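>>> model this:
(one chain, ligands or ions: 2)
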Amino acid sequence: MKIAHISDIHCNFGTDFNEKLFDKAASMVNKVDADLIFISGDLTTDGLLPEYEFAKEKLKQIKGKLAIVPGNHDERNLGWKLFPEFFDDTDFIHSYDDITLIGLASSEPDRDDGRLGRGRHKRIEEGIKQKKTTILGFHHHVIPVPHSGRETNIIEDSGETLDIILKNEIPLVLMGHRHVPWAVKIHKTLLVNAGTFSCNRTRAHFGNTFNIIDVEDDEIEVTVVNIGKEKTKKMIEFDLSDGCCKNKYYDFKNNI
Ligand SMILES: [Fe+2]
Ligand SMILES: [Fe+2]
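Ligands and ions are numbered 1, 2, ... in the order given. Sure, this is the predicted structure:
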């Protein structure tokens, strides 16, 4: 299964959104011909109605099966009430051929940090019962992301969340929020962050990116697509059968 993992689009009418770059990025995603496009939140910048309308319109350019969770920016200004009107349920368990995708809203209205809470922890356990390859997706990160500034936004219950993920050997967790692409393997889990798709607030030379994730029977491979430079670079390979992981390909200095 091929997943295009997009995050932090930040549609707005100020300086955050780069519409020209979005248009280019959307056509690059369409060429990937992914089985699924997962968007891990921050579709807007302030959660405003015109921004939701704009984001909905722009997303029509991306063809394929979409699964979307909200980010902290989408929940600002009562935006949390708008998200389900425009993009369906904030929390879901979707079943594809051999994959279960559990999408969760990790944001709290008008706050930059987040939490999952006991209700969503239960939903993770519900999704796991389907006994397919489980993929978990939400906006915030569960452990600090390097090269993304000082840590202030990690989810409040990251310890409990990580405990559930690791104990259940969930192979893949998809997140965004920090505008930096990153991946790390812990025990039998690959934690993957997508960078920002079309926000002008990029960090150093990371630029605007999205991830392509190939999930095979026993292997997960993550490739970063640099939209501005039209270049791809493998970030990590994770062999589920022997737990071996290679992540030497992509880092702060070696990202194009
Ligand atoms: Fe963001
Ligand atoms: Fe965010």
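>>> rest of the way, CA atoms for contacts and neighbours
Will do.
>>> Not counting residues beside it along the chain, what's closest to T209?
On the basis of Cα to Cα, 6 or more residues apart in numbering, the spatially nearest residue to T209 that is not a chain neighbour turns out to be N226, at 4.6 Å.
>>> Return the per-residue confidence for the one you found.
Looking at N226, its pLDDT is 96.
>>> That one reaches H205, doesn't it?
No. Counting by Cα atoms under 8 Å, N226 does not reach H205; the two are 10.3 Å apart.
>>> quick one, which of those two is more surrounded?
N226 (21 against 11; other Cα atoms under 10 Å).
>>> Now do the phi/psi pair for the more buried one.
Dihedral pair for N226: phi -90, psi 110, per degrees, to the nearest 10.
>>> ok, it to K132 distance?
As judged by Cα to Cα, to the nearest Å, N226 and K132 stand 31 Å apart.
>>> swap in G114?
28 Å.
>>> So between the two, which is more surrounded?
G114 (22 against 15).
>>> What parts of the stretch 51-200 of the chain come near ligand 1?
With Cα under 5 Å from the ion as the criterion, the stretch 51-200 of the chain comes near ligand 1 at residues H177.
>>> Report the residue spans of the stretch 51-200 of the chain with pLDDT below the cut-off.
By pLDDT under 70, the stretch 51-200 of the chain has no low-scoring segment.
>>> got the residues of it near ligand 2?
Residues of the stretch 51-200 of the chain found near ligand 2 (Cα under 5 Å from the ion) are 72, 177.
>>> so where do the strands sit in this protein?
2-6, 36-40, 66-69, 92-95, 99-103, 133-137, 172-175, 182-186, 189-193, 209-215, 219-226, 231-239, 245-246 (DSSP state E).
>>> Quick check: L116 touching E108?
No. The pair L116 / E108 is not scored as a contact, 9.2 Å apart, by Cα under 8 Å.
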